[in-house]
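Enquirer: From the sequence below, what's the structure:
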Amino acid sequence: MVNKLTLQEEQAMQAIWQTGEGNVKMFLDKMEAPIPPYTTLASTVKNLEKKKFLQSRLVGNAYVYSPLITEADYKKKFINGFVADYFDNSYKQLVSFFIDQKKLSPKELKEIINLIEAKK
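Expert: Numbers count the residues shown, from 1 in each chain. Model prediction:
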């Protein structure tokens, strides 16, 4: 099971996935406002390394980091955990929730059904 990321860690990972391999300054350049201070991001990156989301190597006098998990793998594990935690492991309950909240229209639901049927 993948550790859950804090919002700050998720924002950092988004920048890291966009960058690929890089240093803290490169990650800062990819972040959207509000951009954290350099020291805050450096601390977040170290935490992500401890959580085994990143690996580092020393290049000259600076560390270069690269992701150990792809964005797609993280999304898959996060969504599976989210559905298990909040919807009793039922994707049907998840879809029902979105319908009840008026976040999913009949047209969109039909499109989803068509996608499911096309995958059969």
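Enquirer: C-alpha from now on. contacts and neighbour counts both.
Expert: Fine.
Enquirer: Would you mind giving the domain segments of this protein?
Expert: 7-67, 89-120 (automatic domain parsing).
Enquirer: give me the low-pLDDT residue ranges for the protein?
Expert: Counting by pLDDT under 70, the chain contains low-confidence residues at 1-2.
Enquirer: Report the outermost residue of it with respect to its centre.
Expert: No residue in the chain sits farther from the centre than Gly60, which is 30.0 Å out by CA atoms, centre = their mean.
Enquirer: so how far is Pro37 from that residue?
Expert: Distance check for Gly60 against Pro37: by CA to CA, to the nearest Å, it reads 23 Å.
Enquirer: for this structure, longest helix please?
Expert: helix 71-86 (DSSP state H).
Enquirer: in that one, what counts as buried?
Expert: Buried residues in helix 71-86, counted by 16 or more other CA atoms under 10 Å: 74, 78, 81, 83.
Enquirer: Check which element follows it along the chain.
Expert: helix 91-100 (DSSP states H and E).
Enquirer: Just the CA atoms of that next one, as CSV, please.
Expert: What follows is helix 91-100, C-alpha atoms only, in CSV (Å, rounded to 0.1, in the frame of the first residue of the first chain):
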residue,chain,number,x,y,z
TYR,A,91,-17.3,1.9,-7.4
LYS,A,92,-21.0,1.7,-7.8
GLN,A,93,-21.4,3.7,-4.6
LEU,A,94,-18.8,6.2,-5.9
VAL,A,95,-20.8,6.8,-9.1
SER,A,96,-24.1,7.0,-7.1
PHE,A,97,-22.5,9.6,-4.9
PHE,A,98,-21.5,11.7,-7.9
ILE,A,99,-25.0,11.4,-9.3
ASP,A,100,-26.6,12.4,-6.0
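Enquirer: immediately after it, which helix or strand?
Expert: helix 106-119.
Enquirer: related to what we said a few turns ago, what about the residue farthest from the centre of the chain, distance to Phe82?
Expert: According to CA to CA, Gly60 stands 41 Å off from Phe82.
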